[in-house]
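J.: below are the sequence and a predicted model for it; my questions follow.
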Amino acid sequence: MNKNIKIVLSVLLVVGLLVLPFLFKNYRVFQFNLVVIYAIAVLGLNMLTGFNGQISLGHGAFYAVGAYTAAVLMDKAGMPYWATLPFAGVVCFGFGFLMGFPALRLGGHYLALATYAFALAVPQLLKYKHIEGFTGGVQGIVLNKPEPPFSFRFLDQPLSADRWLYFFSLAIAALMFLLAWNLLRGRIGRALIAIRDHPIAATAMGVNLPVFKSMAFGVSAAFTGVAGALGAICVAFVSPDSFTVLLSITLLVGVVVGGLASIPGAIFGAAFIQFIPNIADEISKSAPWAIYGAVLIGLMYLMPSGVMGLIRTIGAKLRPAKASASARS
């Protein structure tokens, strides 16, 4: 694609994202917020599963830890919402790094089961009576949704709390995606892919498997923790029952639908896990999950390598056609 065309498309995309929240009501903007937040979480899981080959069914637990870190700091310490994000990332990095040690001895479905157990345990631990003074126990923690720091109107729509949080989440997401792109397109990314494809060869080439696998778990958990903190701020409520094991499975679905080992695929995966269940519920109130399952099966049949895999396939087929057309001209 011509460089000038790429620049024009990028500018149009940025303008579209900035105008988008003023074209819809607050509830729809709230859903867009969740898409942006889930995109960060799916990206974090994709860094681990897609690029490093470690299967995790426990990232919902890291999402919960990040959410509770932000909620406790805001509720108990009076910390500004934006200042809680680094703490959520650091805490989840620590938990993820420790979780990476069992991953050194476990792999495949054994690692998946270990992380699944972690996802089952965390919601129960959040209800533990000796820490319910911080976590709120089964009742959770109710937060105040941040108000915009300034007033602004566009297309006769005010800058509401949900619209402000959309822009805030979008800025954080842009930062996280840029960080992931720089991380995965360099030496570290090549080492992670080498470990995924052939660990013995990677070791022979000087890649330190214990360090890289543990760090991959830690960084992946940090991304998901930041997403969890943003989710707590956006929803303005956390409770243990909001972070069941279904959340972990949902994030993995987002990774597969968007495309393994694909950074932009996280956006498509997040949109799928946010909107398809709602659409299925609108189609049938009695069997929404049956429709959701049918859609998921259909997508896996039509796009076995995810949305980004389909885009790559179409692009690969178009390139020879363009080359032959230019040769004839």
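T.: Received the coordinates, thanks.
J.: every contact and neighbour count from this point should use C-alpha atoms.
T.: OK.
J.: can you tell me the element the residue most central in space within the chain falls in?
T.: Centroid-nearest residue in the chain, with Cα atoms, centre = their mean: Ala41, separated by 1.9 Å. Assessed by DSSP states H and E, Ala41 sits inside helix 26-49.
J.: so what does that helix touch, helix or strand wise?
T.: helix 161-184, helix 209-235, helix 245-258, helix 265-283 (3 or more Cα pairs under 8 Å, 6 or more residues apart in numbering; DSSP states H and E).
J.: ranking the ones you listed by burial, who's on top?
T.: Highest mean neighbour count of the helices and strands packed on helix 26-49: helix 209-235, a mean of 26 (counted as mean count of other Cα atoms under 10 Å).
J.: so for it, mean pLDDT?
T.: Per-residue pLDDT values across helix 209-235 average out to 93.
J.: what sits up against the following helix or strand past that helix?
T.: As assigned by DSSP H and E, the chain's next helix or strand after helix 209-235 is strand 237-238. Residues from elsewhere that reach strand 237-238 (Cα atoms under 8 Å, 6 or more residues apart in numbering): Ala67, Tyr68, Ala71, Gly140, Ile141, Val142, Leu143, Ala232.
J.: any weak-confidence spans in the stretch 151-300 of the chain?
T.: Counting by pLDDT under 70, the stretch 151-300 of the chain contains no low-confidence residues.
J.: gap between stretch 304-319 and the chain center?
T.: 22 Å (Cα atoms, centre = their mean, to the nearest Å).
J.: immediately after the helix holding Ala41, which helix or strand?
T.: Heading C-terminal from helix 26-49 (DSSP H and E), you reach helix 59-76.
J.: quick one: buried residues of that next one?
T.: Within helix 59-76, the residues scored as buried using 16 or more other Cα atoms under 10 Å are 59-75.
J.: starting at the chain centroid, how far to whatever helix or strand comes next after it?
T.: For helix 59-76, the succeeding helix or strand toward the C-terminus, using DSSP H and E, is helix 84-105. Offset of helix 84-105 from its chain centre (Cα atoms, centre = their mean): 16 Å.
J.: identify all contacting residues around helix 84-105.
T.: 54, 62, 65-67, 69-70, 73-74, 111, 210, 213-226, 229-230.
J.: give me the mean pLDDT for it.
T.: Throughout helix 84-105, pLDDT has a mean value of 88.
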